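In: Below: sequence and its predicted model.
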Amino acid sequence: MSKVIHQSTRLTTVFLLGLLVAGLSTTLLAQRQLLDRVVAVVDEDVILQSELERRLAEIIGSAQRSGRELPPMDELRDEVLESLVIENLQLQLADRVSIRFDDDTINRIMGNMASNNNMTFDEYVSTLEAQGVYLQTREDIRKQMAIQELQRGMVNRRISITNQEIENFLNSETGREAVAADYFIEHMVVLRGEEDPQDLDTSKRNYAADLVARIEEGETLPQVRNAATSAGVFPINATNFGWRKLVDLPALFSDIVSDMELGEVAGPIEAGNGYHIIQLSDRRGGTEQLVDQTNVRHILLAPNEIRNEEQTKAAIEDLREQIINGADFATLARQNSDDANSVVAGGDLDWVNENSLPPLMENIIDNLEIGELSEPFRTDAGWHIAEVLDRRVYDISSQYTRVQAENALRNRKFDLELQNWLIEIREEAFVEFID
């Protein structure tokens, strides 16, 4: 009898333990589902609760740091979920058209981010790893780059700019300002006091003139400025103007800068607060665009399945010898060259702008005289011989300003067209929210 009772007790205990384990498993499973469940189905993908919560936490944290007010939580949640839907749709499209970025590209972007935070790449990675967000940061960068590349491709092809629009823009005040040159000037000022006696004021002016002379003799303005600041003879100040158009520069400098050559220094320029010195460090844009051009032709032979490296080199040397002995360059190029872009033109690349050829080829051609035939040389494409037909300095101002105008008009239209495109892909998508 006792044995039956003990056996019954053991069975009851096992049964109760089984119920307890089953109950715990159900509870843990429910918790796991609550922690990361599907909140939306978007075409062929889904958005998870964890994605939504992470994005909400980022937005709330940013708002708290900046003191910015946010809408009520229900409204904010709906807005964030909708933005995740739009983002997901774009990522699916980017994947379909094979927009991808390798690890080296991501590392370069992260290297720039590290520099912006005054850190080395390794220090930046270590900081992200300590915060537990390194892998997520890499993935976020990859996603944002894919979306930006997709947007550029999809939206730009929807935008058309007519010649009349370009003409109207260039004839407008806004257009003239947009295509005006940008200047980068270095600056320093030897400060003067309101109550400086005449002899001290003269000393400061002479000191500024000596600094100008040092720059004219070959030192850069930043070098002279740093040395003068360290010497402490007179108080020195400086303004970082960055890239500016003439109209955005102080009136004290704008008329002077417009007539300066690159590297030229001006000063001392007297003003109420002291004696200013400026140097034109760089200039970009503007209506005057002169470029060095070279008219060059070449023959390219690339190694292939039936012609190895040595045979290819021997073949290009033989072609060079034939040309030296009187054979027609263009005829040999049409018969032999592997460059599909120039073979029909007898190897003629037409007028080529400076710095538009591969660096090695550019260097070879820069050192050729007009009418001179190069020695065979190797690039990534294969073996070449090249001949310079002519050189010139060409004014591309008209083409350049029209490109600037077209870019400005395209930028104006981009945001509106982007919104239209996003609305379209959202309307065409299958989206189901899981409450």
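Out: Here it is on my side, so go on. Numbering: from 1, shown residues only.
In: Quickly list the domain ranges of this structure.
Out: Per automatic domain parsing, the structural domains of the chain span 2-35, 183-284, 290-395.
In: which stretch among these comes nearest residue 409?
Out: Closest to residue 409 of the domains of the chain is domain 183-284 (C-beta to C-beta; 18.5 Å). Every C-beta, even on glycine, is put in place using the N, C-alpha and C of the backbone.
In: hang on, residue 378 in a strand?
Out: Yes: under DSSP: H, G, I helix; E, B strand; the rest coil, residue 378 sits within a strand.
In: what number of residues lie near it?
Out: For residue 378, the count of nearby residues is 13 (other C-beta atoms under 10 Å).
In: For it, which residues count as its bridge partners?
Out: Residue 378 has these beta-bridge partners by DSSP bridges: residue 383.
In: show me the contacts for it.
Out: By C-beta atoms under 8 Å, 6 or more residues apart in numbering, residue 378 lies in contact with 313, 360, 384.
In: Wasn't the first one part of a helix?
Out: Same thing as residue 313. Yes: counting by three-state DSSP, residue 313 is located in a helix.
In: how many neighbours does the residue lying closest to it once chain neighbours are set aside have?
Out: In this structure, residue 313 finds its nearest non-sequential neighbour in residue 383, 5.6 Å apart by C-beta to C-beta, 6 or more residues apart in numbering. Per other C-beta under 10 Å, the neighbour tally for residue 383 reads 22.
In: List the contacts of residue 383.
Out: Shown in contact with residue 383 (C-beta under 8 Å, 6+ apart): 300, 301, 302, 312, 313, 315, 316, 376, 377.
In: could those residues go into a markdown table alongside distance to residue 88, pLDDT and neighbour count?
Out: Shown next, in a markdown table, are the contacts of residue 383 (distance: C-beta to C-beta, whole Å; pLDDT from 0 to 100; neighbours: other C-beta atoms under 10 Å):
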| residue | distance to residue 88 | pLDDT | neighbour count |
| --- | --- | --- | --- |
| 300 | 46 | 95 | 24 |
| 301 | 49 | 95 | 24 |
| 302 | 44 | 93 | 15 |
| 312 | 50 | 95 | 20 |
| 313 | 53 | 95 | 17 |
| 315 | 54 | 95 | 17 |
| 316 | 53 | 95 | 21 |
| 376 | 54 | 95 | 19 |
| 377 | 50 | 94 | 16 |
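In: Let me know the closest of those to residue 281.
Out: Using C-beta to C-beta, residue 377 is the member of the contacts of residue 383 that lies nearest residue 281, at 35.3 Å.
In: my read is residue 82 is in a helix, agree?
Out: Yes: under three-state DSSP, residue 82 sits within a helix.
In: Can you list the low-confidence ranges for the stretch 101-250 of the chain?
Out: In the prediction, the stretch 101-250 of the chain carries no residues with pLDDT under 70.
In: now the strands for it?
Out: Using DSSP state E, counting those that start in this stretch, the strands found in the stretch 101-250 of the chain span residues 182-191, 236-237, 243-245.
In: List the neighbouring strands of the longest one plus their orientation.
Out: It stands for strand 182-191. Using DSSP bridges, the strands paired with strand 182-191 are strand 236-237 (antiparallel), strand 243-245 (antiparallel), strand 274-284 (antiparallel).
In: okay, those strands, which one's buried deepest?
Out: Among those, strand 274-284 has the highest mean neighbour count (mean count of other C-beta atoms under 10 Å), at a mean of 20.
In: Check which element follows it along the chain.
Out: Using DSSP states H and E, the helix or strand that follows strand 274-284 in sequence is strand 290-301.
In: In that following strand, which residues are buried?
Out: By 16 or more other C-beta atoms under 10 Å, the buried positions in strand 290-301 come out as 293, 294, 295, 296, 297, 298, 299, 300, 301.
In: if we take these, which one ends up nearest to residue 58?
Out: Of all the buried residues of strand 290-301, residue 293 has the smallest distance to residue 58: 50.9 Å, by C-beta to C-beta.
In: Show me where the stretch 251-400 of the chain has its strands.
Out: For the stretch 251-400 of the chain, the strands defined by DSSP E, counting those that start in this stretch occupy 265-271, 274-284, 290-301, 348-353, 377-379, 382-395.
In: which one of the domains of the chain lies closest to residue 135?
Out: Proximity to residue 135 (C-beta to C-beta) singles out domain 2-35 among the domains of the chain, at 18.9 Å.
In: from the contacts of residue 378, which single one is nearest residue 321?
Out: If you rank those by distance to residue 321 using C-beta to C-beta, residue 313 comes first, at 12.8 Å.
In: residues touching the closest one, list them.
Out: Contacts for residue 313 (C-beta under 8 Å, 6+ apart) come out as 376, 378, 383.
In: Then residue 84?
Out: 40, 47, 51, 52, 55.
In: cool, residue 86 as well?
Out: Going by C-beta under 8 Å, 6+ apart, residue 86 touches 422, 425, 426.
In: Let me see the contact set for the last one.
Out: Shown in contact with residue 426 (C-beta under 8 Å, 6+ apart): 85, 86, 89.
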